[in-house]
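Peer 1: Fold the following for me, if possible:
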Amino acid sequence: MALIKRISPLLIVVLLSSFAIFPFFQSGFFPMHDDTQPARVFEMAKSLQNGMFPVRWVFDLGYGAGYPIFNFYAPLAYYFGAIFVLIGFDALIATKIMMATGILISGIFMYLFAKNIWGELGGVVSALFYMYAPYHAVNIFVRGAVSEFWAYAFIPLVFYSLNKVYKKVSIGFTVLGVFSYAGIILSHNLTAVMITPVIFGYIIALSLISLKNKKKIYLYFLTVIFGIITSMFYWLPALIEMKNTNIASQFIGGSDFRKNFVCLGQLWNSPWGFGGSIAGCTDGMSFVLGKPQISIALFSALLLIWLLYKKVKSRKVLFSLLTFISLVISIFLTLEISKPIWESIYTMSYFQYPWRFLNLAMFFLSILAGFLVWGIRSVFKKNQSLIQIVASTILIIFLFFLNFKYFTPQKIVRVTSADYTSENILKWKISKISDEYLPKNFIKPKNMEDALRNKRIFSFAETPIERTSDIISMAGIIVLIIVIIFSRKKRTYE
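Peer 2: The predicted structure follows:
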């Protein structure tokens, strides 16, 4: 009974996640912008079956010539999906498991982080606000941005690990932080670039608090350093070899950041749709923050003002203030008013879409949801626990009433795995959707017949850069294992 009572808040999060993942239990599948997911899972499994690890190339894409997609496109979610193909599931079911898992762990990991700061009730509220954020639904059911919402899931786990190390020196949680940060990089490199300054800011803040404990500071920075090292097998070759591809074509035309800023009014009200992003304020997809999320921001701001006025001395208040400032910065970067920053920092163009920063905005808003639940205790002197429960229940009902409608696909199409993995589909339809990683001098076939006649022309042998990055990543993992073993032996001896 004690165990059930302890994990019951987490069970609530898992149970309520069922509304978001229900569409994946239906037969068939739904259309999305990046309608390549089962094909990529299938190709990842095929490469693994042929002894390739890490997987960089796939056999059937690239119009049948071979395609280095996983040398450039973050592979972690597809490794996970491929496991289920290898144990006997078809590619479509494996893809559904992969996507549903990404949704579920976003709530679980946010609960762990927020609970560590705000307590169980705050953790539940933060987790549900994170999972049921409107932009999360856009990534899942509109864009089909699997890599992006997998990275979204790992973000809170990094902060949870750092926070646990702050509370008590722990090699175990440092290792968890390393693999969590590597998980973001291996899930979606652009999300990793966006969140890294925030992670460093958090580390610096914790370091200032932990000045008397140098070991903690050492472990904070090891989290990021080893996260970078262990994921080097992916990001280093991608960074160096990108110049040999047509990836530059993705930063012009409709993908130019100048044409994809969000209008301020769209954050409050923009029609839900399954179209694309265009210049102006009439996009085919929605960029709403969500009325529950905006309400949370407003009430959190009022609560912060009240707590500061009352001179409540708490690191949690300072943390919430910094979170609110980070929220404002994230939203600012989605708006056209931030255009001078985008134009002055050349590398910002790689983000393509300023609205990607809604990922960070949703993270900060979810933290503030937990803060609101925690802060109620400072406002009311009597029946604090009861008021917290009532407030949490009202917030969750409000969230579901207004945001649940977003977590449904446009339609369910009666398709099978073969509709994504047949030779014709792979070598022509799926290859046309993503061909930006082909060599610059590659001549694309003009029709499906030409693609089917293509022979695999690219070598799958690793380059010196790829081999070197593999060795460095493996060395980093070995060092981590040695550190774990050494720390355990030392603890046993003591």
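
Peer 1: you'd agree Asp90 is up against Asp419?
Peer 2: No. Applying CB atoms under 8 Å as the test, Asp90 and Asp419 come out as separate, 11.0 Å apart. C-betas here are computed from N, CA, C, even on glycine.

Peer 1: For the stretch 301-450 of the chain, which segments count as helices?
Peer 2: For the stretch 301-450 of the chain, applying DSSP state H, counting those that start in this stretch gives helices covering 315-332, 339-344, 358-379, 384-403, 418-421, 423-424, 431-433, 448-453.

Peer 1: which intervals of the chain have sub-threshold pLDDT?
Peer 2: Across the chain, the ranges flagged by pLDDT under 70 are 1-4, 248-254, 450-451, 453-461, 484-494.

Peer 1: what's Leu92 in contact with, if anything?
Peer 2: Contact partners of Leu92, counting by CB atoms under 8 Å, 6 or more residues apart in numbering, are 29, 38, 415-417, 420.

Peer 1: got the residues you listed as a markdown table, with neighbour count and distance to Leu399 columns?
Peer 2: As requested, those are exported to a markdown table (neighbours: other CB atoms under 10 Å; distance: CB to CB, whole Å):
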| residue | neighbour count | distance to Leu399 |
| --- | --- | --- |
| Phe29 | 25 | 27 |
| Pro38 | 28 | 31 |
| Val415 | 15 | 32 |
| Thr416 | 16 | 35 |
| Ser417 | 20 | 35 |
| Tyr420 | 24 | 34 |
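
Peer 1: tell me the most buried of the helices of the stretch 301-450 of the chain?
Peer 2: Of the helices of the stretch 301-450 of the chain, the one with the most neighbours on average (mean count of other CB atoms under 10 Å) is helix 358-379, at a mean of 24.

Peer 1: Quick one, which of the helices of the stretch 301-450 of the chain gets closest to Ala182.
Peer 2: Nearest of the helices of the stretch 301-450 of the chain to Ala182, taken as CB to CB: helix 358-379 at 18.1 Å.

Peer 1: Pull the closest one out as PDB, backbone CA atoms only.
Peer 2: The C-alpha trace of helix 358-379 is given here as PDB (Å, rounded to 0.1, in the frame of the first residue of the first chain):
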ATOM      1  CA  LEU A 358       7.300  27.400 -28.700                       C
ATOM      2  CA  ASN A 359       8.900  24.200 -27.400                       C
ATOM      3  CA  LEU A 360      10.800  26.200 -24.900                       C
ATOM      4  CA  ALA A 361       7.800  28.400 -24.100                       C
ATOM      5  CA  MET A 362       5.700  25.300 -23.300                       C
ATOM      6  CA  PHE A 363       8.500  24.000 -21.000                       C
ATOM      7  CA  PHE A 364       8.600  27.200 -19.000                       C
ATOM      8  CA  LEU A 365       4.800  27.500 -18.900                       C
ATOM      9  CA  SER A 366       4.500  24.000 -17.500                       C
ATOM     10  CA  ILE A 367       7.000  24.800 -14.700                       C
ATOM     11  CA  LEU A 368       5.000  27.900 -13.800                       C
ATOM     12  CA  ALA A 369       1.900  25.700 -13.600                       C
ATOM     13  CA  GLY A 370       3.600  23.800 -10.800                       C
ATOM     14  CA  PHE A 371       4.800  27.000  -9.200                       C
ATOM     15  CA  LEU A 372       1.200  28.300  -9.100                       C
ATOM     16  CA  VAL A 373       0.100  25.200  -7.100                       C
ATOM     17  CA  TRP A 374       3.000  25.500  -4.700                       C
ATOM     18  CA  GLY A 375       2.600  29.200  -4.300                       C
ATOM     19  CA  ILE A 376      -1.000  28.900  -3.100                       C
ATOM     20  CA  ARG A 377       0.300  27.800   0.300                       C
ATOM     21  CA  SER A 378       1.900  31.200   0.700                       C
ATOM     22  CA  VAL A 379      -1.400  33.000   0.000                       C
END
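
Peer 1: and the angle from the strand or helix carrying Leu162 to helix 358-379?
Peer 2: Leu162 belongs to helix 146-167 when assigned by DSSP states H and E. Helix 146-167 runs at 40 degrees relative to helix 358-379, counting by axes from the mean of the first three to the mean of the last three CA atoms, to 10 degrees.

Peer 1: Next, the buried residues of helix 146-167.
Peer 2: In terms of neighbour count (16 or more other CB atoms under 10 Å), helix 146-167 has its buried residues at 146-166.

Peer 1: for it, packing partners?
Peer 2: Applying 3 or more CB pairs under 8 Å, 6 or more residues apart in numbering; DSSP states H and E, we find helix 146-167 packed against helix 76-86, helix 91-131, helix 171-187, helix 189-209, helix 214-230, helix 358-379.

Peer 1: Repeat the analysis, applying 6 Å as the threshold.
Peer 2: Judged by 3 or more CB pairs under 6 Å, 6 or more residues apart in numbering; DSSP states H and E, helix 146-167 is in contact with helix 76-86, helix 91-131, helix 171-187, helix 189-209.

Peer 1: Residues contacting that helix, please?
Peer 2: Contacts to helix 146-167, defined as CB atoms under 6 Å, 6 or more residues apart in numbering, come from residues 37, 74, 77, 102, 105-106, 109-110, 112-113, 116, 139-140, 170, 173-174, 176-177, 180-181, 183-184, 187-188, 191, 195, 206, 219, 359, 363.

Peer 1: same deal with stretch 199-213?
Peer 2: 166, 216-217, 220.

Peer 1: Output that stretch in CSV with nothing but the alpha carbons.
Peer 2: Coordinates of each C-alpha in stretch 199-213 appear next as CSV, following Å, rounded to 0.1, in the frame of the first residue of the first chain:
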residue,chain,number,x,y,z
ILE,A,199,20.9,24.4,-19.3
PHE,A,200,24.1,26.4,-18.9
GLY,A,201,22.2,29.2,-17.2
TYR,A,202,20.7,26.6,-14.8
ILE,A,203,24.2,25.1,-14.1
ILE,A,204,25.7,28.6,-13.4
ALA,A,205,22.8,29.4,-11.0
LEU,A,206,23.3,26.0,-9.2
SER,A,207,27.1,26.6,-9.1
LEU,A,208,26.7,30.0,-7.5
ILE,A,209,24.5,28.4,-4.8
SER,A,210,27.0,25.5,-4.4
LEU,A,211,30.2,27.5,-4.1
LYS,A,212,31.1,25.6,-0.9
ASN,A,213,30.8,22.2,-2.6
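
Peer 1: Figure out how far it is from the centre of its chain.
Peer 2: 24 Å (CA atoms, centre = their mean, to the nearest Å).

Peer 1: Same question for it: list its buried residues.
Peer 2: Going by neighbour count (16+ other CB under 10 Å), the buried part of stretch 199-213 is 199, 202-203, 205-207, 210.

Peer 1: got CSV for the residues you listed, with distance to Leu128 too?
Peer 2: Putting the buried residues of stretch 199-213 into CSV (distance: CB to CB, whole Å) gives the following:
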residue, distance to Leu128
Ile199, 24
Tyr202, 23
Ile203, 28
Ala205, 26
Leu206, 27
Ser207, 32
Ser210, 31
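
Peer 1: coming back round to it: which one (most neighbours) among the contacts of stretch 199-213?
Peer 2: Most neighbours among the contacts of stretch 199-213, by other CB atoms under 10 Å: Tyr220, with 25 neighbours.

Peer 1: Setting the sequence-adjacent residues aside, check what's closest to it.
Peer 2: Ile203 (4.5 Å; CB to CB, 6 or more residues apart in numbering).

Peer 1: Right, I'll leave it there.
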